[in-house]
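Chemist: I would like the atomic coordinates for the input below:
(2 chains)
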2 protein chains.
Amino acid sequence: MRTPTTETSRRYRRACDYLAAAMIYLRDNVLLREPLRPEHLKPRLLGHWGTCPGITFVYCGLNGLVRRTGQRTLLVTGPGHGAPAVHANLWLEGTHSAIDPGMTLTDLVKGFSWPGGFPSHLSPEVPGVVHEGGELGYALATAFGAALDDPDLLVACIVGDGEAETGPTAASWHANKFLDPETCGAVLPVLHLNGAKISSPTIYATMSDDELTDYFRGAGWSPHIVDVERTDDPDLVFAETLDAAHKDIKQRRPMILLRSPKGWGLPKEAGGGTFHAHQVPLSADQLPEIEAWLRSYRPEELFHDDGRPMDDLLDLLPSEELRLGRVPQANGGRLRRDLPLPELEKFAIDVPEPGGATASATGTTGSWLAELMRATEQRRDFRIMCPDELESNKLGAVLDATGRAFTWPLTQYSEHMAQDGRVLEVLSEHLCQGWLQGYLLTGRHGLFPCYEAFASIVDGMVNQYAKFLKMAGEVPWRAPVASLNYLLTSEGWRQEHNGYSHQGPGFINNLLTKKSSVTRVYLPPDANTLLVTMRHCLATTNRINLVVAGKNPAPQWLDLAEAERHCRAGAGVWEWASHPEPDVVLACAGGIPTVETVAAAWLLRRHAPELRVRVVNVVDLLTLSTPDKHPHGMSAEEFTACFGEDLPVVFAFHGYPSAVHEVLHGRPDPSRFHVHGYLEEGTTTTPFDLLVSNRMSRFDLAADAVGRTPGWSSRGGGIVQELLEKREELKAYAYREGEDSPEITEWEWSA
Amino acid sequence: MRTPTTETSRRYRRACDYLAAAMIYLRDNVLLREPLRPEHLKPRLLGHWGTCPGITFVYCGLNGLVRRTGQRTLLVTGPGHGAPAVHANLWLEGTHSAIDPGMTLTDLVKGFSWPGGFPSHLSPEVPGVVHEGGELGYALATAFGAALDDPDLLVACIVGDGEAETGPTAASWHANKFLDPETCGAVLPVLHLNGAKISSPTIYATMSDDELTDYFRGAGWSPHIVDVERTDDPDLVFAETLDAAHKDIKQRRPMILLRSPKGWGLPKEAGGGTFHAHQVPLSADQLPEIEAWLRSYRPEELFHDDGRPMDDLLDLLPSEELRLGRVPQANGGRLRRDLPLPELEKFAIDVPEPGGATASATGTTGSWLAELMRATEQRRDFRIMCPDELESNKLGAVLDATGRAFTWPLTQYSEHMAQDGRVLEVLSEHLCQGWLQGYLLTGRHGLFPCYEAFASIVDGMVNQYAKFLKMAGEVPWRAPVASLNYLLTSEGWRQEHNGYSHQGPGFINNLLTKKSSVTRVYLPPDANTLLVTMRHCLATTNRINLVVAGKNPAPQWLDLAEAERHCRAGAGVWEWASHPEPDVVLACAGGIPTVETVAAAWLLRRHAPELRVRVVNVVDLLTLSTPDKHPHGMSAEEFTACFGEDLPVVFAFHGYPSAVHEVLHGRPDPSRFHVHGYLEEGTTTTPFDLLVSNRMSRFDLAADAVGRTPGWSSRGGGIVQELLEKREELKAYAYREGEDSPEITEWEWSA
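Modeler: Residues are numbered from 1 along each chain as shown, chains lettered A, B, ... in the order given. Take a look at the predicted model:
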């Protein structure tokens, strides 16, 4: 192998920088073999130049490191709007041609930011990419997720100094404390300080070298500063820095502070070095300036006529399989193996009759997850990320099978901590989500249990991830990755003690706005249905599975075989609580609403024995959708079998009523569905009072059923009053005694 | 004034710690004048002990500082679950009695976490509170917001070491770079390192003193360490530290790292000093241990029988008006003054006829906001918080009136930066939101302009703020604060260049789940309606106003007088585009959908002149709700006047169609509304192609109108085909030419 010189490195970067600029400007004459004419310009100049030269500088430096060391390296690029730089590098390293042999350089340059071509930001269509970067903030957490349990992998991560201002990035610097050097790979962050955001200075670029060094050393890093303007040979300095960093990367946790001018290479008079270089620095009416700038890269010295780079540039490339665009981890679906999911039998709750057992749904699933942890002990491809709530969410059994990862010295009493633990607990939903995304996209499996109310903290992230999955599913060479599984518990109805801030089921609503190819929402009503649901979710790919379940001891309804059947159908009539020819349907979705609904049916049998009631339980919320809107939507026949043709339906829903109205949209006569749910009436009170405040108690449901049933609104007046009086009596009990009446807590289900 | 001794300080803390513990445990015998019996315990033991003694330590230390210096001080308590400590301090300082003279100590102790009493977390019901703290992460940003433009105020902020792990908190440490020492107050953070979260060590507590010092010094602070276990007299050390910090607080930016044992004061054998002290450390069946622990505080030495503290303790209090629970800034509505809102006339766009002018909606409003900035130059009670997008959002005119606040040395080229600037630009939606919340709750006004897609980053925060406002509105002594105003622009339909990640209108959906007393959603279709809307929003109180508007030059529909009328109605028929006896309604909400709808009506006049069309524009989305669901809901008559009784309605909506379905729920026959909106089909393409991908182009709307109108579905087949062929032709143009056809971009509205 010839040894490339620094001069060749500069030529290589010149080639990439030229291509990146060309992608922003040119639709034709892409190598400037002819004088530049107006018709060679794209009619809309789109792209972000400012960050591109820096990205290429890092990319090329990493090429050198990989070539010299054989280190398999995944690059996570935070500034996704610098896509032209990545495309340029993919072109030079031959990855674009490897994936699409017919692609010409004109196709690439013209196709960038062109309808039907490559988007302006990094996206799943781009090889080597596991991170989109449009929303900013999540690159570093994603990089850490990718490095977990892959001890031979180096994950380099470019963090823009704009992105560094975000909260999720600021928190992610501490992720080094969770990365076990033995069992995990390394993360090498490159904080790219080019000084400006869209139109103002960045915080980190205004910090002095001393401040930066203190800050990152304090966070546990060994910072190296590379300032391309303080050296004659930045490529050499960067190469030496990378070599030094790589040598003992797991011991010293190096990171690089890279100072370079914004839009490096753009003439000063065109805004080079200032925020004016952020996007498209020269406008179409500055044709001579554009041409002069583009020609300053002397493309004729760098490319053959057909777009192939000159041979000497190829010397700078790592061996084919190690090129950054082709690292297998970036197409993690190819590495994914099905999980060895344990049988459910030995974990299932024995339910002799409906209501005849009491169990914690998450507690039961916790034992099963512990078994899964044990089954993956050698493979190390399953993890749980959780914001400090595993115990609180009754999933603590998992900690008997593995510890909580933590690598910093523990000075105080603690339990269940382990360098190589596969539970990650940090009080940051952002970190949990970012870690999990990086872990899944590189071919592994995981679960994110979370307090229900606080899942909304990652609404923005899940929005972006849903987009990533939707697009990835349309890219033929991307293999499916394991689904992103949420287990939301500590649900609002049982946050009567933590109060109003802990009561918020809106994550469901947010997920319902996503593509139906991606999203699933499950509300298993008891322990066995949760087991079946979790086993299903962990076997699926390319989805976002949202599971909401209770953690508190609660009545159990279905044995395992019934749970399997019920979950397979997604929704169904609970015959044991139903009359064959009903006047009214009591439907429910979610653990607590199911308890209240069954109790309401019980009340009606007592108070209105002639009112014929059917109980329907919905596990898979999207079965309510019409089949043209969601693949899980029930057929019209199935829907009618549950809800009748024109029966009134009193629907007790776990979340905001609007979520049910939304999924029912398109069903005939949805106005016969009277949905009860969370009305944002909350505080610290008893569980029963919280239900009453939101008109979701068994008494409210039973009274509504009477009131909604044709022929009963007048005749049932006395019954309704009886029910509501009882409700008030029990509410008064709670206010007087500070706890719910035994009439509620010791309800006899078999009555 | 007698000089209190350290011994008195300890007694004071003993009194507070006792009360806090009592609140968790006791319903009666609250001063333990009798032996503790089981019936004295609450039936449900709820609360968080672990953080309480530390909060009291800080509160008491601050009392001393205020007493010694007369420094007006607002306390923001991050660990809101430590509410018992704050209540205890409020009791001792007499604030509870000042607000509710009838309250007894038994009322307070028993009422904590009791139905109808005080919630378990800090909340608007608690005097002195501007921050709830349940979700964790926002205390420090809130504190900075409170300190802005209040030069004599000290805002002390307790940050728990759990909360410190969150992204928003991690980002907030850099907020010191935005706080002008001349025109603003000071923030004194106290990072409370008690070592553990719910069940595991915290990151920050495992960092060494050197690491912590480096980290915070790097972030621009002067850290002081106070470790209560490394001194015999923690009160004295803390007092000296506070005095030293206070002396040159604006120059040195001190912060305090407070190490104290978790649950400090709880016996070791009960879990004191470990995570086991986090919540309720002893269970009801440990009555002797509970009694022994509670008696260890010797309440008989601290309280009179009637609950009044012993006289010597009162020596520790600041003068009445400076007590932390009574600082006026904590009830900011009392300080709020109406803004001097400029007249709109001189900013309004001249619109000689509908479509007869072109303007940028946000650009126009930007000039008006600049005038408002000038009008508040002396008052300094209006600010704009924006994630680095003011220029990009075409609001840059504001920067002619004030600069961007920044206090760190600027080493590079920049524009519009100013120490005392009243625009805050940081690439963190979390910081913007937190700052604004703190600013509003202390009596000022503000605006949060944001890229539409990235507003979801603060979904969690707005959830919590909506709860805060809802509850604050129910507290009689809280005066209304200025509304939280969002101006979402750079909307998805014109993020065709930044691509899919920048396309997401889900913030609307999230807001729709909130209490109708709090939320408003406006979609002004042009510049003058935006002006009128913004003027309205900035005059309201206690609301969350979401305004979505375009920034790109676009056709204008209404002159100022018409805009005033239209906004007052919230929705209405656009007669100039309508037939008096329509067959079908074309409705629209949002700038781009309005353009497409008017164009669709234009197309129909050409292609189907016999089809009688009415155009309805909706500015105030919640007028569509029924009046029982939202106070802005139109009456049935008004609704019919817009949409007829049974006309088909083709509705072009800015966001997800589900949002319209949701607000329409409860209107008779909502299935006649056929809603077009964003279907999560996005990428980098042309504006027209993005519309086509989501079936929202003028051709799709016109074709749907034909198809939905009774009698036209067969007869209109040819017209539909004509329209869709034209659509495909123009789409093909975009793919071929890389821009939209002049047939779209140069549409003649007067045709």
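
Chemist: Let me know how buried A:Arg379 is, in neighbour terms.
Modeler: Neighbour count for A:Arg379, taken as other C-beta atoms under 10 Å in any protein chain shown: 13. All C-beta atoms are positioned from the backbone trio N, CA, C, and that covers glycine.

Chemist: Spell out the secondary structure type for the residue sitting nearest the centre point of chain A.
Modeler: Centroid-nearest residue in chain A, with C-alpha atoms, centre = their mean: A:Val462, separated by 4.3 Å. Secondary structure, DSSP: H, G, I helix; E, B strand; the rest coil: A:Val462 is helix.

Chemist: so how many other residues sit close to the residue nearest to A:His304 when sequence neighbours are not counted?
Modeler: What sits nearest to A:His304 in space, not counting adjacent residues and going by C-beta to C-beta, 6 or more residues apart in numbering or on different chains, is A:Met310, at 7.0 Å. The number of residues packed near A:Met310 is 15, by other C-beta under 10 Å.

Chemist: Also A:Leu679?
Modeler: The burial count for A:Leu679: 14, using other C-beta under 10 Å.

Chemist: Pull up the gap between it and chain B, please.
Modeler: Distance from A:Leu679 to chain B, counting by C-beta to the nearest C-beta, to the nearest Å: 8 Å.

Chemist: In space, what's closest to that residue - neighbours in sequence excluded?
Modeler: A:Asn694 (4.6 Å).

Chemist: I'd say that neighbour and A:Glu681 touch.
Modeler: Yes. At 5.1 Å, A:Asn694 and A:Glu681 qualify as touching, with contact defined as C-beta atoms under 8 Å.

Chemist: now the strands for the stretch 251-400 of chain A?
Modeler: A:254-259, A:358-360, A:382-386 (DSSP state E, counting those that start in this stretch).

Chemist: pull the helix or strand with minimum mean pLDDT from chain A.
Modeler: Scoring the helices and strands of chain A by mean pLDDT, DSSP states H and E places helix A:712-715 at the bottom, with a mean of 79.

Chemist: For the closest residue to chain B within the stretch 51-200 of chain A, report the pLDDT, please.
Modeler: For the stretch 51-200 of chain A, the residue positioned closest to chain B under C-beta to the nearest C-beta is A:Gly134, at a distance of 2.5 Å. Per-residue confidence (pLDDT) for A:Gly134: 95.

Chemist: Contacts only, for it.
Modeler: Listed by C-beta atoms under 8 Å, 6 or more residues apart in numbering or on different chains, the contact set of A:Gly134 reads A:80-81, A:121, A:464, B:498-502.

Chemist: Please apply the same query to A:Ala85.
Modeler: A:Ala85 neighbours (C-beta under 8 Å, 6+ apart): A:16-17, A:20, A:51-56, A:59.

Chemist: for these, which one is nearest B:Ala284?
Modeler: The closest of the contacts of A:Ala85 to B:Ala284 turns out to be A:Thr51 (C-beta to C-beta; 59.8 Å).

Chemist: wait, what's in contact with the closest one?
Modeler: A:Thr51 neighbours (C-beta under 8 Å, 6+ apart): A:79, A:81-82, A:85, A:160, A:192, A:194, A:262.

Chemist: Could I get those residues in a markdown table, plus columns for pLDDT and distance to B:Glu269?
Modeler: Formatted as a markdown table, the contacts of A:Thr51 follow (pLDDT from 0 to 100; distance: C-beta to C-beta, whole Å):
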| residue | pLDDT | distance to B:Glu269 |
| --- | --- | --- |
| A:Pro79 | 97 | 54 |
| A:His81 | 97 | 58 |
| A:Gly82 | 98 | 58 |
| A:Ala85 | 98 | 61 |
| A:Gly160 | 98 | 52 |
| A:His192 | 98 | 53 |
| A:Asn194 | 95 | 57 |
| A:Lys262 | 97 | 60 |
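
Chemist: Output these in TSV; the columns should cover distance to A:Glu229 and secondary structure.
Modeler: Formatted as TSV, those follow (distance: C-beta to C-beta, whole Å; DSSP: H, G, I helix; E, B strand; the rest coil):
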residue	distance to A:Glu229	secondary structure
A:Pro79	20	coil
A:His81	23	helix
A:Gly82	20	helix
A:Ala85	19	helix
A:Gly160	18	strand
A:His192	14	strand
A:Asn194	11	coil
A:Lys262	12	coil
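
Chemist: Pull out the buried members of these.
Modeler: A:79, A:81-82, A:85, A:160, A:192, A:194, A:262 (16 or more other C-beta atoms under 10 Å in any protein chain shown).

Chemist: tell me the contacts of A:Pro79?
Modeler: Here A:Pro79 is in contact with A:48, A:51, A:55, A:133, A:136, A:158, A:160, A:162-163, A:192 (C-beta under 8 Å, 6+ apart).
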